[in-house]
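In: The sequence and its predicted three-dimensional model are supplied below.
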Amino acid sequence: MDPVPAHVRLGTWIRDPESATPPDGIEPRRLKVYADLFYRNVEGLLASAFPVIRRTLGDAAWHGLVRGFLREHPARTPLFAEVAREMLRYLELRAGQDRGDPPWLPELAHYEWVELALQVSDATAGDIAHDPGGDLLAQAPALSPLAWPLAYVWPVHRIGPDHLPAAPDALPTLLLVRRLPDGEVAFSQLSPLAFRLLQRIQDEPARSGLEHLQALAAEAAAPDTAAFVAEGARMLEAWREDGTLLGVHAPR
């Protein structure tokens, strides 16, 4: 008696039809239909989630990557909506294995995944108790759960078939990614100081806006702390206006 259940053998073969042993009792033509349908569905989902990677790698490398993902990666979830996240995990694991992938591939995948992740996120402003009209300097600014400050070593926003960097830029790529009220996802570049301010607000949510700006002025060795704080206050207000900040934290 075969110790491997038929459905397990079928699943293994569909994921790796080139190497796995096909299950008994199913004609080869039907097996090929199952395998082709499975591959097309998953490959289509991944191509939709990672269009820049798909175009940049080209057919052979892209399909090799998808085949490797299906063959090697033990996915944590069967949900189609999570397939892109599983590919991202797979690429992060491959990064340390000297598989010949471009060094920027995991970061570009994350950059592309972020758009999908924000589009389908269930997070809302109501998840955070806040006062939209509070004093952003005297109180603690509340970052929207749909606004993500991100830092990349590689210039992910410029990578494509016509731009394949051999080395990272001298400075990191700093981005703010937001889901807008109409559901669209917007990307914008941040200055190092703006990124650091958002990072502080995210990491130390109990501190007031003034505390963040004074600490940041010290980090930056600003020659005029008062002017630095005034400029930072204008930045905080602009973020409140565009929805990056919800206002200030409030007790529930």
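Out: Received, thanks.
In: Verify the stated contact: Ile14 with Ala35.
Out: Yes: using C-beta atoms under 8 Å, Ile14 is in contact with Ala35, at 5.0 Å. Every residue, glycine included, has its C-beta placed from N, CA and C.
In: gap between the two ends of stretch 93-101?
Out: Using C-alpha to C-alpha, to the nearest Å, the end-to-end distance of stretch 93-101 comes out at 12 Å.
In: Return the distance of it from the chain's centre.
Out: 19 Å (C-alpha atoms, centre = their mean, to the nearest Å).
In: again with stretch 160-176
Out: With C-alpha atoms, centre = their mean, you get 16 Å for stretch 160-176.
In: Can you tell me what sits against it?
Out: Contacts with stretch 160-176, where a contact means C-beta atoms under 8 Å, 6 or more residues apart in numbering, come from 52, 55-56, 102, 104, 111, 147-159, 187-192, 194-195, 198, 244.
In: Buried residues, it. List them.
Out: Thr173, Leu174, Leu175, Leu176 (16 or more other C-beta atoms under 10 Å).
In: Tell me which two in the residues you listed are the farthest apart.
Out: Farthest apart among the buried residues of stretch 160-176 by C-beta to C-beta are Thr173 and Leu176. That separation is 11.5 Å.
In: What is the neighbour count of the closest residue to His73 other than its chain neighbours?
Out: Nearest non-adjacent residue to His73, counting by C-beta to C-beta, 6 or more residues apart in numbering: Tyr90, 4.3 Å away. A count of nearby residues for Tyr90, using other C-beta atoms under 10 Å, gives 21.
In: Help me confirm that Tyr90 comes into contact with Leu70.
Out: No: counting by C-beta under 8 Å, Tyr90 stays clear of Leu70, with 9.7 Å between them.
In: which residues do the two both contact?
Out: Shared contacts of Tyr90 and Leu70, counting by C-beta under 8 Å, 6+ apart, come down to nothing at all.
In: Now do the same for the residue nearest the centre of the chain: helix, strand or coil?
Out: The geometric centre of the chain, computed from its C-alpha atoms, lies nearest to Val114 (C-alpha atoms, centre = their mean), at 3.1 Å. Three-state call for Val114 (DSSP: H, G, I helix; E, B strand; the rest coil): helix.
In: Now do the contacts for it.
Out: Trp148, Leu150, Val177, Val185.
In: Quickly note the distance from it to Leu171.
Out: 20 Å (C-beta to C-beta, to the nearest Å).
In: This structure: strands as residue ranges?
Out: 130-131, 141-143, 147-152, 173-179, 185-189, 245-249 (DSSP state E).
In: Give me the domain ranges for this protein.
Out: In the domain annotation for the chain, the residue ranges read 1-101, 127-252 (automatic domain parsing).
In: Tell me which of those sits most buried.
Out: domain 127-252 (a mean of 16; mean count of other C-beta atoms under 10 Å).
In: now that domain: mean pLDDT?
Out: For domain 127-252, the mean per-residue pLDDT is 97.
In: got the end-to-end distance for that domain?
Out: 11 Å.
In: if we can go back for a sec, want to throw the strands of the chain into CSV with distance to Arg29?
Out: Shown next, in CSV, are the strands of the chain (distance: least, C-beta to C-beta, whole Å):
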stretch, distance to Arg29
strand 130-131, 60
strand 141-143, 55
strand 147-152, 46
strand 173-179, 46
strand 185-189, 43
strand 245-249, 57
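In: closest to Ala215 out of these?
Out: strand 141-143 (13.4 Å).
In: so what pLDDT did the closest residue to Ala84 other than its chain neighbours get?
Out: In space, and not counting its chain neighbours, Ala84 is closest to Ala49: 3.7 Å by C-beta to C-beta, 6+ apart. Listed pLDDT for Ala49 reads 95.
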